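Peer 1: Using only what follows, build the 3D model:
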Amino acid sequence: MSIQQNQRRIPFVDLAAQYDSIAPEVDEAIARVLRGADFILGADVAAFEREFADYCEIEHAVGVDSGTSALELALRAFNIGPGDEVITQANTFVATVFAIAYTGATPVLVDVDPSTYNMDPELLEKAITPRTKAIMPVHLYGQPADMDPIMEIARRYGLIVIEDACQAHGARYKDRRVGTFGHAAAFSFYPAKNLGAYGDGGMVVTADAQVADAVRLLGNYGQREKYHHLQSGFNRRLDTLQAAVMRIKLRHLDEWNAARRRHAERYSEVLPESVVIPSVPSYAEPVWHLYVIRVPQRDAMRAALAERGIATGIHYPIPIHLQPACRNLGYERGAFPVTEAVAEQILSLPMYPEMSNDAIDYVASAIRDVLEREQPAPGLARTAD
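Peer 2: So this is what the prediction gives:
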């Protein structure tokens with residue numbers, strides 16, 4: 001019997017399985033909004049903002065229509081715009097950089113730590129110029145960035161810090177939730193995130209009431225009351241239906257994150273020795289939005305796993321500075337050697353709370369089988385250095 005005939009199917013994420021586990025709660029929440037016809041800035045939006053702020057252990061949360069908007073409006077709340085520079089990392093999702101550019105500011109990229117794939121604080125300081133106004137560290141893959149040195153550099157130079165926590169709902173750095181270190185932080189509720197909507201959504205969190213008010217004004221046409229516009233603004237409001245859904249899902253988030261941590265531990269135990277598994281610093285409690293390994297001949301590995309029914313992802317195959325849309329930033333190939341090297345090797349394995357140990361073992365066994373059959377060139381250590 002061929003592999004194709006005998007294979008299992010392991011999805012990259014399984015949103016249907018998650019819905020099935022909470023369907024009655026979600027259906028009732030949606031029906032309540034529909035019955036009340038409370039669609040724009042409804043009661044569930046305000047309730048979810050309070051509940052998410054409490055969850056993040058911070059004073060204020062303002063719902064918006066996407067994680068990208070959350071990043072942009074957080075920057076705008078600090079009057080960051082044309083003539084300013086904002087430093088972020090070269091291996092993030094493009095929305096991080098686009099959000100900076102939308103304000104008229106210039107994104108400045110730095111390379112990353114080869115073991116965590118997060119911003120390298122030493123390189124951060126070297127990138128600061130007289131035009132630098134803000135730093136945007138990314139808690140990539142749900143792994144907290146090393147915030148203490150980043151905040152120390154920011155204090156020394158008088159810079160704003162906006163945390164891109166779009167992949168890190170519930171993660172902790174030294175026992176504090178990410179999103180509580182900078183002057184503000186942005187979260188995304190894209191459906192596949194640890195806390196995902198059934199569409200797009202986002203949130204800005206901050207300890208500063210004035211910043212929260214500024215974001216709220218910017219996201220709702222510059223108005224506090226209808227048709228009374230205090231300033232120019234945008235239509236970036238969080239949808240009431242999405243807020244109602246996420247109020248339900250927020251109650252399950254810690255349980256789901258705990259399951260992801262168990263899955264990550266099992267992956268790390270059963271994957272072959274020749275695979276570079278994620279490295280977790282002592283300061284970090286990740287939430288494993290993604291479990292990202294490194295393998296030689298990554299594209300061949302991905303194709304072989306697909307033949308065995310295993311879906312994978314690459315986050316991200318093309319670094320920011322090599323994207324055609326970002327050529328105007330002025331960087332050439334070779335500018336960020338760590339980012340460029342890992343982009344050729346990273347592979348995101350299936351990761352979602354409802355996975356079984358048996359499914360994880362099947363993925364690991366398939367990877368071992370591919371490595372033994374194809375015998376790729378050695379040279380990678382067990383964990384990233």
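Peer 1: Longest helix in the protein, please.
Peer 2: Across the chain, the helix with the greatest residue count (assigned by DSSP state H) is helix 15-36.
Peer 1: pull the helix or strand with minimum mean pLDDT from this structure.
Peer 2: Ranked by mean pLDDT, DSSP states H and E, the weakest helix or strand in the chain is helix 3-6, scoring a mean of 50.
Peer 1: Three-state assignment for the residue nearest the centre of the chain, please.
Peer 2: The chain has residue 167 as the residue nearest its centroid, 2.0 Å off, counting by C-alpha atoms, centre = their mean. Secondary structure for residue 167, judged by DSSP: H, G, I helix; E, B strand; the rest coil, is coil.
Peer 1: Return, as residue ranges, the portions of the chain with sub-threshold pLDDT.
Peer 2: The chain contains residues with pLDDT under 70 at 1-7, 375-385.
Peer 1: Now do the helices in it.
Peer 2: With DSSP H as the criterion, the chain has helices at 3-6, 15-36, 43-56, 67-77, 94-102, 121-126, 147-157, 209-219, 240-250, 253-270, 298-307, 337-343, 357-374.
Peer 1: List the contacts of the last one.
Peer 2: Identification of contacts with helix 357-374 by C-beta atoms under 8 Å, 6 or more residues apart in numbering yields 8, 10, 263, 266-267, 270-272, 274-275, 295, 297, 300-301, 304-305, 308, 310, 349-350. The way it works is simple: take the backbone N, C-alpha and C, and place the C-beta from them, glycine included.
Peer 1: Give the buried residues for that helix.
Peer 2: Neighbour-count burial for helix 357-374, with 16 or more other C-beta atoms under 10 Å as criterion, is recorded at 359, 360, 362, 363, 364, 366, 367, 368, 370, 371.
Peer 1: Ok, stretch 275-294 next?
Peer 2: 275-280, 284-294.
Peer 1: same deal with stretch 17-27?
Peer 2: Neighbour-count burial for stretch 17-27 [16+ other C-beta under 10 Å]: 18, 26.
Peer 1: now stretch 248-255
Peer 2: 248, 249, 250, 252, 253.
Peer 1: same question, stretch 317-334
Peer 2: For stretch 317-334, by 16+ other C-beta under 10 Å, it's 319, 320, 321, 322, 326, 329, 331.
Peer 1: For the last one, give its distance to residue 97.
Peer 2: Separation of residue 331 from residue 97 (C-beta to C-beta, to the nearest Å): 11 Å.
Peer 1: And the first one, by the same measure?
Peer 2: Distance, residue 319 to residue 97, using C-beta to C-beta: 11 Å.
Peer 1: The second one now?
Peer 2: Taking C-beta to C-beta as the measure, residue 320 falls 5 Å from residue 97.
Peer 1: wait, what's in contact with the closest residue to residue 222 other than its chain neighbours?
Peer 2: Distances taken as C-beta to C-beta, 6 or more residues apart in numbering put residue 233 closest to residue 222, at 3.3 Å, once the chain neighbours are dropped. Counting by C-beta under 8 Å, 6+ apart, residue 233 makes contact with 217, 218, 219, 220, 221, 222, 223.
Peer 1: just to revisit the earlier point, now list whatever residues contact both of residue 331 and residue 97.
Peer 2: Joint contacts of residue 331 and residue 97 (C-beta under 8 Å, 6+ apart) are residue 109.
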